[in-house]
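[1] Only the shape, not the letters, is given here:
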Ligand SMILES: Nc1ncnc2c1ncn2[C@@H]1O[C@H](COP(=O)(O)OP(=O)(O)OP(=O)(O)O)[C@@H](O)[C@H]1O
């Protein structure tokens, strides 16, 4: 039996909020190594589309498929990692405890916890409660979760928020490595991203 190709497909997706059509009949297919960049002004529906792709909200019409199957199965949730506005961090836990919980819930990824902390420049912060971190450090911690578990699909809502220049360059290089390893990324960003154009599909919501 041949394995199905790894794809994320949006099929004629529509979203309506308070009688306003944010988007309608939106279709795309993302394959291994590709990035889908959602662009558009504030309130245009980027986060709403991400939430539909994550399965947190149903589309008003259309379907989301992972490897050709509807996303209501556990395989999708094992394969997908979401980093949203709220960082997904447990503030009462330490940096190390936060990552240990993520690792326990997922499959081991590219890096150990120690290596991931080095990468995101949080080495030495292991025992610091997450609530004491700065906004940029919290964002780095939430992104470190992507490195310690194996998730072919990353869904990232404004991943560069609160990051300094070095942090932005770091995330871009992690995204390039993820795509080179066959991963896929869907993200929203108000910043330009430094990725090879051939990898990037853009959807502009208006
Ligand atoms: N839970 C909700 N109930 C009703 N309306 C909502 C809800 N969430 C979002 N909206 C509305 O949907 C529209 C799109 O919001 P969304 O967060 O998807 O925009 P966005 O493109 O991500 O914006 P931003 O760039 O500001 O993050 C907005 O007008 C918002 O008020």
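    Everything's here; your move. Please read these numbers as outputs of a predicted model, since none were measured by experiment.

[2] State the mean pLDDT of the lengthiest helix in the chain.
    The longest helix of the chain (DSSP state H) is helix 165-180. On average, the pLDDT along helix 165-180 is 90.

[3] and the helix or strand following it, which strands flank it?
    Stepping forward along the backbone from helix 165-180, the first helix or strand reached (DSSP states H and E) is strand 184-188. On the basis of DSSP bridges, the sheet neighbours of strand 184-188 come out as strand 35-40 (parallel), strand 153-157 (parallel).

[4] Residues touching the shortest one, excluding its own?
    By that I understand strand 153-157. 8, 46-47, 50, 53-54, 66, 79-85, 146, 175, 178, 183-188 (C-beta atoms under 8 Å, 6 or more residues apart in numbering). For every residue, glycine as well, the C-beta is placed using N, CA and C.

[5] go again using 6 Å as the cut-off
    Among residues not part of strand 153-157, those counted as contacts by C-beta atoms under 6 Å, 6 or more residues apart in numbering are 47, 50, 53-54, 79-85, 146, 184-188.

[6] Of these, which fall within the contact range of the ligand?
    Restricting the contacts of strand 153-157 to those near the ligand by C-beta under 6 Å from any ligand atom leaves residue 47.

[7] Just the buried residues of the contacts of strand 153-157.
    For the contacts of strand 153-157, a burial check counting by 16 or more other C-beta atoms under 10 Å picks out 47, 50, 53-54, 79-84, 146, 184-188.

[8] of these, the lowest pLDDT goes to which?
    Least confident by pLDDT among these: that is residue 84, with 84.

[9] Tell me how many other residues crowd the residue lying closest to that one once chain neighbours are set aside.
    Excluding its sequence neighbours, the residue lying closest to residue 84 (C-beta to C-beta, 6 or more residues apart in numbering) is residue 157, at 4.6 Å. Around residue 157 sit 20 other residues, with neighbours defined as other C-beta atoms under 10 Å.
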